[in-house]
Structures are given as C-alpha cells and as structure tokens.
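1. Provided below for reference: sequence and predicted model.
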Amino acid sequence: MDGMVAKKNRRYKNIKSKFFRAMHMYLSVFFLPWVLAYIATGIMYISGFNQDAGATKQNFILERYVDKKEDLLQALKDHASANSLRVPDSKPSGIKGEKLGLSLATPGYALNIVSKDNKTTVSTIDRTFLGVMLMMHKSKAGMLVNIFAIAFAVSMVLLYLSGFIYTAWCKHYRKSSIITLIVGFVVFFGLFWLSL
C-alpha cells in the first residue's frame, strides 16, 4: 500500500514538474521578442530617447487665428486637405496644457492644432517604428500592444513563479534559491528607499 502511494506521489511530482518546465519554456520563447524590446527601449528611454526619436515633424502657421474651440477641428481638416497632410482616423482629443488645442493621433502619426498668443499653429509628427516601440513604456502604443504588454507582465510572473517552484522544491537548490529571493527583495526595496 505504501509503495502505491509513493508511486502516485512520484507520478504527480513528475506531471507537476513537466507542466512547470513546459510552461516556463513556451512562455519564455513566445515572449522573448517582448523581453528584448522592453530591454532595448527601456535602456534608450533611460538614456534620454523618447517617442519622437527619429520622427519627422512639420509646423505650419495658419493665416487666420482660430479663437473658438469648436472651430479647431474644421480648421485642422481644412489645412490638412489644402496641404495634402494625412488625417488620422481617430477621435479628436485635447492637448495637455493647451486651452485651445486639438489632436488627431495614432501611435505612429499625430496632427495637432494649437491657438495661443493670437497665432494658430498646425503640426504633424510622423513617428518611426522605434518611436512607437518607446511609447509602450507609457502605455500609448495602441490598445493591442497594451493587451499584449499585460499578457507579457502576467507571463513574467508565471515564469518567475514556475522557475522558483521548480528550483525551490529541488532539495539541493531550496536553501540557495530562498536566500537569493530574500537578497533580491532587500536590494529592490533598498534601492528605492535610497531614492526617496
């Protein structure tokens, strides 16, 4: 009887071990491009690059001053049509810090209009692929990218948990993995504490 229980426990451990190994492998391989992208763009972002790195920008001053918010969209569309500018298929949104400002934008292209100091300016920003990738750090690279970024974050948790479970329950790695985890927490919170 004891032999049967031991055999069932071994089989359960093998199934659990295979599951965590497979989950770890497939998640890590599938999300490898995300890891590399977050690393590369994160280093660039910290180094001073932003979403407008390499972007093509144009500025135009309109002949007439637009002094009403409700006239901004039509003035923007008229100017875009007259100058063969692309008009993004997006909802108009305000521009932060501007009373008379409006933007039509996608992650890769923005068409803006701002009226201030008796002057109305239209500007375009045509971002590069890298610029859009940098925007994922601000959750502004588009809804689909945001959904996958959340899936990536969940997979990172699962990867670390499966790796920790896989090594912590191996007798010869248990002590060292728990000590390493504690040191990791101390360093993490210590660095932020020193930054206060």
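-> Structure received.
2. now the residue most central in space within the chain: how far from residue 40?
-> Centrality entry for the chain: nearest residue to the mean C-alpha point is residue 136, 2.6 Å, by Cα atoms, centre = their mean. For residue 136, the distance to residue 40 equals 11 Å [Cβ to Cβ, to the nearest Å]. C-betas here are computed from N, CA, C, even on glycine.
3. go on, residue 118?
-> Counting by Cβ to Cβ, the separation of residue 118 from residue 40 is 44 Å.
4. if we can go back for a sec, surely the residue nearest to the centre of the chain touches residue 44?
-> No. Taking contacts as Cβ atoms under 8 Å, residue 136 lies outside contact range of residue 44: 11.8 Å.
5. Show me the shaky parts of the chain.
-> Within the chain, the stretches with pLDDT under 70 are 1-16, 166-170.
6. out of residue 118 and residue 40, which sits in the more crowded spot?
-> Set residue 118 next to residue 40 and count neighbours by other Cβ atoms under 10 Å: residue 40 wins out with 13 against 7.
7. Go ahead and name everything in contact with the helix or strand harbouring the more buried one.
-> When elements are assigned from DSSP states H and E, residue 40 belongs to helix 32-46. Residues outside helix 32-46 that contact it (Cβ atoms under 8 Å, 6 or more residues apart in numbering): 53, 130, 133, 134, 136, 137, 148, 149, 152.
8. What is the helix or strand containing the second one packed up against?
-> Think residue 130. Using DSSP H and E, residue 130 sits in helix 129-135. Identification of packing neighbours for helix 129-135 by 3 or more Cβ pairs under 8 Å, 6 or more residues apart in numbering; DSSP states H and E yields helix 32-46.
9. Make sure residue 18 is indeed in a strand.
-> No. Under DSSP: H, G, I helix; E, B strand; the rest coil, residue 18 sits outside any strand and is assigned helix.
10. Next, count neighbours for it.
-> 10.
11. Spell out the secondary structure type for residue 122.
-> strand.
12. And the helices in this protein?
-> Along the chain, counting by DSSP state H, helices occupy 2-30, 32-46, 69-82, 129-135, 143-168, 174-195.
13. so can I have TSV of those helices showing distance to residue 89?
-> Output for the helices of the chain, formatted as TSV (distance: least, Cβ to Cβ, whole Å):
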stretch	distance to residue 89
helix 2-30	31
helix 32-46	26
helix 69-82	12
helix 129-135	16
helix 143-168	14
helix 174-195	42
